[in-house]
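Visitor: after the sequence you'll find the predicted model.
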Amino acid sequence: MKFTVEKYTSNYANSILVSLYNLNANSRGLIQRPNGFMIINAGYDGELFLMATGIIHSARPARQGPDLVMNCELLDNGFDIGNAPISVNVGPGGTNQQLLKQALNLFQANHIPSGALEPLPVFSYSKGYAYGGTVGGLLDGLLKPQNLRWQILDGQLRIFAAVGPTTQAPPILLSVDTGLIEIPSQETPIFSGSRPMYAAKSLLNPQLNPGRKVN
């Protein structure tokens, strides 16, 4: 098999491309069923870590020389929950955390567990508050004023600070002994005055994720 996984720090759906070679007819049929789902674990010497999860949106067989290849396109589980409708309200003295809990309940109802959730500072509404719209719109309205963001990563909901690392896990060391390939380079910042960008190539490390520090 071959796979390409792109992960983002925004709430865009992580995209996954998978090519599976020379499956039998039964396996091809299973992959092409409606609501197909795939989990990719990867690693070395029997030590596996979660690389990606995704709902299969397209699975097409194709001939490549002597091989029959099933090409699959996936999006991270729960990507469309941001567009789901929601109607919530709290009475006078209600808080933003009560609204957030109602949104989290909708994720749970759709089998999307919570991952790392940065605490939301409490804010109360003296006259109460009501919202009707999309789940994504509600989360944006609750989190952005507190400089927080949300995303679906590896099938889990995450809430994280807009600036700085989003996990307390220790930094991953990239060196020639841990898989670093070639020489890291400094790239032009995305916009004037922003932090410098760095590009590096490494052997597969499933623990590299958006928000994880790297040395």
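Guide: Perfect, thanks for sending it. Residues are numbered from 1 along each chain as shown.

Visitor: list the contacts of the longest strand anywhere in the chain.
Guide: When the chain is parsed with DSSP state E, its longest strand is strand 47-64. For strand 47-64, contacts defined as CB atoms under 8 Å, 6 or more residues apart in numbering pick out 3, 5, 7, 14, 16, 28, 31-32, 35-43, 68-77, 79, 154-155, 206-207. The C-beta positions use only the backbone N, C-alpha and C, and glycine is treated the same way.

Visitor: any of those residues buried? List them.
Guide: Buried subset of the contacts of strand 47-64 (neighbour count, 16 or more other CB atoms under 10 Å): 3, 5, 7, 14, 16, 31, 36, 38, 40, 68-70, 72, 74-77, 79, 154-155, 206.

Visitor: which ones among the residues you listed lie within strands?
Guide: Per DSSP E, the buried ones among the contacts of strand 47-64 map to strands at 3, 5, 16, 38, 40, 68-70, 72, 74-75.

Visitor: what ranges do the helices span in the protein?
Guide: In the chain, the segments counted as helices under DSSP state H are 25-31, 96-109, 135-143.

Visitor: packing partners for the second one?
Guide: Just to be clear, that refers to helix 96-109. strand 85-90, strand 114-117, helix 135-143 (3 or more CB pairs under 8 Å, 6 or more residues apart in numbering; DSSP states H and E).

Visitor: show me which positions of that helix end up buried.
Guide: Buried residues in helix 96-109 (16+ other CB under 10 Å): 96, 98-100, 102-104, 106-107.

Visitor: and for the first one?
Guide: Judged by neighbour count (16+ other CB under 10 Å), helix 25-31 contains these buried residues: residue 31.

Visitor: buried residues in stretch 201-215?
Guide: The neighbour-count check on stretch 201-215 (16+ other CB under 10 Å) flags 202, 205-206, 208-209, 211 as buried.

Visitor: so what's the nearest residue to residue 147 once chain neighbours are set aside up against?
Guide: Closest residue to residue 147 apart from its sequence neighbours, by CB to CB, 6 or more residues apart in numbering: residue 162 at 4.9 Å. If you count contacts by CB under 8 Å, 6+ apart, residue 162 has them with 147-149.
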